[in-house]
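Peer 1: Make a model of this:
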Amino acid sequence: MFDEQRGPESQAQAAYLTLERKIIMLEIEPGAVFSESAIIEFAGVGRTPAREAVQRLSLEGLVEIRPRAGVRITEIRADDFLNVLEVRKSLEPRLALLSTRFATPSQRRRVSECQETMSAAALSGDVPSFLEADKAFDAAMGAACPNPYLAATLRPLQSHSRRFWYRFFADTELQVSTDMHDRVMAAFIGADAELAARAMTALIEGMLERAIALRTA
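Peer 2: Next up, the predicted model:
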């Protein structure tokens, strides 16, 4: 619960990460409406950091703040998944190229750790660990990118994609998704920027194919 030893910023970050994980893992159901007191309980922090976390989630489109009515978790719609992936297809190969080109040795080591964790998660069927590794990989690429605006634009879209993927594909696509991510991570670790961009394009296009099939099913 609330940790008075943490500073306000770290409390808000902790609350954000906790709420984001619960939303992505569908522990908090899409469409549900919660009071401020319930959100505080979910987040495990005080009122102010919980409010800051909710504001951030609202800006990212994962929740809607309804004055005097509480906080509503946004719905999951197949068309929204397509819209998210269209933007990612346009921007994320560029992020992969720049991040791979400018990454530091420590950032490449971090992605190597993500690669190992993701592979182990696929073998054991551990979806939460897969998603944690995916988020850590996205964070490492964002940190390595010399264009902070590009990384900031993609960050919430990556979160939405994880929620969509968990809802529709976690039961059937864990190994396939791991294989597609592995190609991007291998290129990143090997400092092959052009290959990283191509692998990222293939990853997003693969997700788009699945999203289109989902909408037309």
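Peer 1: CA atoms for contacts and neighbours, from now on please.
Peer 2: OK.
Peer 1: and the residue most central in space within the chain, what is it in contact with?
Peer 2: Centroid-nearest residue in the chain: S159, 2.9 Å away (criterion: CA atoms, centre = their mean). S159 sits next to 24, 135 when contact means CA atoms under 8 Å, 6 or more residues apart in numbering.
Peer 1: What of T201?
Peer 2: Counting by CA under 8 Å, 6+ apart, T201 has contacts 89, 92-93.
Peer 1: for the protein, which spans come out with low pLDDT?
Peer 2: Scanning the chain for pLDDT under 70 picks out 1-9, 217.
Peer 1: which residues in it form helices?
Peer 2: With DSSP state H, the ranges of helices along the chain come out as 8-24, 36-43, 47-59, 78-102, 105-124, 127-144, 148-168, 174-189, 193-216.
Peer 1: residues in contact with the second one?
Peer 2: Residues outside helix 36-43 that contact it (CA under 8 Å, 6+ apart) are 1, 14-16, 18-19, 46-47, 50, 70-71.
Peer 1: May I see the domains of this protein written out as residue ranges?
Peer 2: 8-73, 78-216 (automatic domain parsing).
Peer 1: Grab the CA positions of stretch 133-150 and hand them over as CSV.
Peer 2: Coordinates of each C-alpha in stretch 133-150 appear next as CSV, following Å, rounded to 0.1, in the frame of the first residue of the first chain:
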residue,chain,number,x,y,z
ALA,A,133,9.7,-8.4,-21.4
ASP,A,134,7.9,-6.7,-24.3
LYS,A,135,7.4,-3.5,-22.3
ALA,A,136,11.0,-3.5,-21.2
PHE,A,137,12.1,-3.9,-24.8
ASP,A,138,10.0,-1.0,-25.9
ALA,A,139,11.4,1.1,-23.1
ALA,A,140,14.9,0.2,-24.1
MET,A,141,14.3,1.2,-27.7
GLY,A,142,12.6,4.4,-26.6
ALA,A,143,15.6,5.3,-24.3
ALA,A,144,18.0,4.6,-27.2
CYS,A,145,16.1,6.7,-29.7
PRO,A,146,17.7,10.2,-30.2
ASN,A,147,14.2,11.6,-31.1
PRO,A,148,12.3,11.8,-27.8
TYR,A,149,9.1,12.9,-29.6
LEU,A,150,9.0,9.8,-31.7
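Peer 1: Brilliant, that's me finished.
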